[in-house]
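A.B. asks: kindly return the folded structure for what I paste below:
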Amino acid sequence: MTDESKDIIDRIKVLREIAEISREELCRELGFDCAEYQQWEEGVTDFPIGAMVEIATYFKVDLTEIINGRPSRLTTYCITRAGNAPEVSRRPMYGYWNLAFKFHNKRGEPFLVEANPETENKPLSLNTHPGHEFDYVLEGRLLMSVGGHEEEMGPGDCIYYDSNEPHGMKAIGGTKAKFLAIIM
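C.D. replies: Below you'll find the predicted structure:
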């Protein structure tokens, strides 16, 4: 477990303790599988970005506070210059960069995501989280699965979906894929 992952876990535990809510209560409130949540909070697997967005919303804090421990402050606009978005390490096959980390009370969380190529025959890893998601492919090719439907996507293709549906994606064609993901 990385230091960053441990810090995120600690911040989420503190939020639960302040609110005097158990793991089980939080899982019930947010519709998480308790066994899966326990693995996240114990550091066995990383908290998915979508789950962190839901936890931040539930506790009325910005995702930025959970990720790096500092509150966002801007309310009119924020600019994130090229190469200056903080990376949010979650899973080895993806790199996430938080594109609006300085903006307070966002209605969506925009990320630049890089999907590293995997073995073509490896099955997609699926997840769910409340809300909606919008993904726009910038480079490479993605195999996208939503609710059991698979689509191949290339640069300029986009998809908007209910992220309560099991979904996942992976880079295909042996090269890295880069896309914009907005979680709402």
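A.B. asks: low pLDDT regions in this protein?
C.D. replies: 1, 89-92, 119-120 (pLDDT under 70).
A.B. asks: which residues in it form strands?
C.D. replies: Using DSSP state E, the strands of the chain run over residues 87-88, 94-98, 109-115, 132-139, 141-146, 149-153, 158-162, 167-172, 177-183.
A.B. asks: could those strands go into a markdown table alongside distance to residue 71 and mean neighbour count?
C.D. replies: In this view, the C-beta of every residue, glycine as well, is placed from N, C-alpha and C. What follows is the strands of the chain, written out as a markdown table (distance: least, CB to CB, whole Å; neighbours: other CB atoms under 10 Å):
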| stretch | distance to residue 71 | mean neighbour count |
| --- | --- | --- |
| strand 87-88 | 16 | 18 |
| strand 94-98 | 14 | 19 |
| strand 109-115 | 15 | 21 |
| strand 132-139 | 25 | 17 |
| strand 141-146 | 33 | 21 |
| strand 149-153 | 35 | 13 |
| strand 158-162 | 29 | 14 |
| strand 167-172 | 30 | 21 |
| strand 177-183 | 19 | 20 |
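A.B. asks: so which of the ones you listed comes closest to residue 70?
C.D. replies: Residue 70 sits nearest to strand 94-98 of all these, at 12.0 Å, using CB to CB.
A.B. asks: pretty sure residue 162 contacts residue 132?
C.D. replies: Yes. Here residue 162 reaches residue 132: they are 5.9 Å apart, a contact under CB atoms under 8 Å.
A.B. asks: hang on, the earlier thing: of all the strands of the chain, which one comes closest to residue 76?
C.D. replies: Closest among those, using CB to CB: strand 109-115, at 16.6 Å.
A.B. asks: chain center to the closest one: distance?
C.D. replies: Centroid displacement of strand 109-115 relative to its chain, using CA atoms, centre = their mean, to the nearest Å, is 8 Å.
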